[in-house]
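Colleague: sequence and predicted structure below; questions after.
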Amino acid sequence: MEETQSPSSDYSPSLLTPTTTTVIPSDLQHRLQYLLNSRPEWWSYAIFWRASPDSSSPNRSPVLSWGDGHFRGAKSIKPHSTTTTNLLFGDLDDELDDPSEGSIDGSFTDVEWFYMVSLTRSFAHMDGSPGNAFASRSMAQQSGRAKARRGRKPGNNNGKATPINHVEAERQRREKLNHWFYALRAAVPNVSRMDKASLLSDAITYINQLKSRVEELEGDERREAKRVKREAEERASVNGGGGVDEEVEVEVEVRVMGGDAMVHVQSRNAGHPPAKLMGALRDMELHVQHASVSSVKELMLQDVVVRVPNNVDGNSLRAALLKRLY
């Protein structure tokens with residue numbers, strides 16, 4: 001099995017000595033690249049841990065934190081050399097732009113995740129391999145995977161999460177995000193492309209369409225209620241305020257808009273008109289979306305929004321309601 005080595009914790013005294021007589025670059029990033037490329041064995045990445053005083057420590061002992069790094073990748077996959085910024089943000093841009101790379105199932109390798117979560121790590125005095133090597137001013141070497149298997153269990157690290165636990169937590173988080181994207185893809189009726197960026201854009205468009213539809217129906221309902229109330233008040237005023245016109249029995253108006261129908265019923269406030277209307281709608285197997293009931297003097301005004309099949313027109317629905325209400 002191929003060994004994945006990092007100069008952050010595994011090196012020997014010969015690592016800092018060039019194998020050939022060459023000019024060593026002066027800046028840190030190029031020195032890390034030179035260190036990776038000058039070794040005969042394959043190293044996946046190099047990390048420089050920078051020492052700085054720990055302000056939270058009473059004696060201000062030094063703490064090691066991320067200084068810089070260079071990632072080359074595992075030898076078993078296509079080699080590529082990249083800086084930390086490109087690894088974190090460049091691949092993400094490709095994932096959003098390229099449908100093949102940015103599909104819902106896309107993910108990074110374990111080595112890439114281990115390298116990226118190292119940006120958040122820090123090592124105190126005698127903490128981990130970097131902390132021990134820095135405190136003893138001596139080199140430490142680790143090779144193969146047996147060392148990792150003999151490491152401490154997560155429950156015995158005094159609350160400090162190891163990098164491999166960070167990688168596993170990140171993998172679980174990405175799996176949960178993938179499940180959410182699958183659910184979102186099932187809820188959105190029209191998906192233009194299968195990448196994440198297009199799916200989110202289509203979902204936002206669909207939600208805005210639903211909000212506009214709801215606002216339109218609510219506006220129609222408010223206008224209809226005002227109109228009915230105004231007509232009822234005018235009719236009561238014409239009758240001298242002494243009561244409701246004796247000829248008024250049941251008036252039904254139906255307006256069909258797409259898959260919804262707005263039903264307005266005006267009748268005397270006697271014999272529980274709302275119960276009769278709900279019973280009629282139940283017998284017709286119409287699903288009620290919204291209902292409002294108001295009483296003006298002796299009149300009962302009812303407005304109901306129901307779901308209707310596509311082949312139903314307003315006249316046939318009104319006739320069926322009148323037949324059940326009388």
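Modeller: Yep, it's here.
Colleague: every contact and neighbour count from this point should use C-alpha atoms.
Modeller: OK.
Colleague: which SS class is Val312?
Modeller: Following DSSP: H, G, I helix; E, B strand; the rest coil, Val312 is assigned to coil.
Colleague: next one: phi and psi at it?
Modeller: The phi and psi torsions at Val312 (degrees, to the nearest 10) take the values phi -100, psi 130.
Colleague: and for it, the neighbour number?
Modeller: 13 (other CA atoms under 10 Å).
Colleague: what's the distance between it and Val306?
Modeller: Spatial separation of Val312 from Val306 under the definition CA to CA, to the nearest Å is 12 Å.
Colleague: in the helix or strand that contains Arg324, what counts as buried?
Modeller: Arg324 is part of helix 314-325 when elements are defined by DSSP states H and E. Neighbour-count burial for helix 314-325, with 16 or more other CA atoms under 10 Å as criterion, is recorded at Leu317, Arg318, Leu321.
Colleague: correct me, but Val252 touches Met262?
Modeller: No: taking contacts as CA atoms under 8 Å, Val252 lies outside contact range of Met262: 10.5 Å.
Colleague: okay, those two: which has more neighbours?
Modeller: For the pair Val252 and Met262, the greater number of neighbours falls to Met262 (22 against 16), based on other CA under 10 Å.
Colleague: wait, that one sits on Arg255?
Modeller: Yes: counting by CA under 8 Å, Arg255 is a contact partner of Met262 at 5.2 Å.
Colleague: give me the mean pLDDT for stretch 201-221.
Modeller: Average pLDDT, stretch 201-221: 88.
Colleague: check which element follows the helix or strand hosting Glu218 along the chain.
Modeller: Per DSSP H and E, Glu218 falls inside helix 196-238. Counting by DSSP H and E, the next helix or strand C-terminal to helix 196-238 is strand 250-257.
Colleague: re the thing from before, counting by contacts, list what the helix holding Arg324 packs against.
Modeller: Helices and strands touching helix 314-325, as assessed by 3 or more CA pairs under 8 Å, 6 or more residues apart in numbering; DSSP states H and E, comprise strand 250-257, helix 273-283.
Colleague: adding distance to Arg72 and mean pLDDT, write the ones you listed out as a markdown table.
Modeller: Putting the helices and strands packed on helix 314-325 into a markdown table (distance: least, CA to CA, whole Å; pLDDT from 0 to 100) gives the following:
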| stretch | distance to Arg72 | mean pLDDT |
| --- | --- | --- |
| strand 250-257 | 61 | 87 |
| helix 273-283 | 68 | 89 |
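Colleague: Throw the ones you listed into TSV and include distance to His125, thanks.
Modeller: Converted to TSV, the helices and strands packed on helix 314-325 look like this (distance: least, CA to CA, whole Å):
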stretch	distance to His125
strand 250-257	72
helix 273-283	75
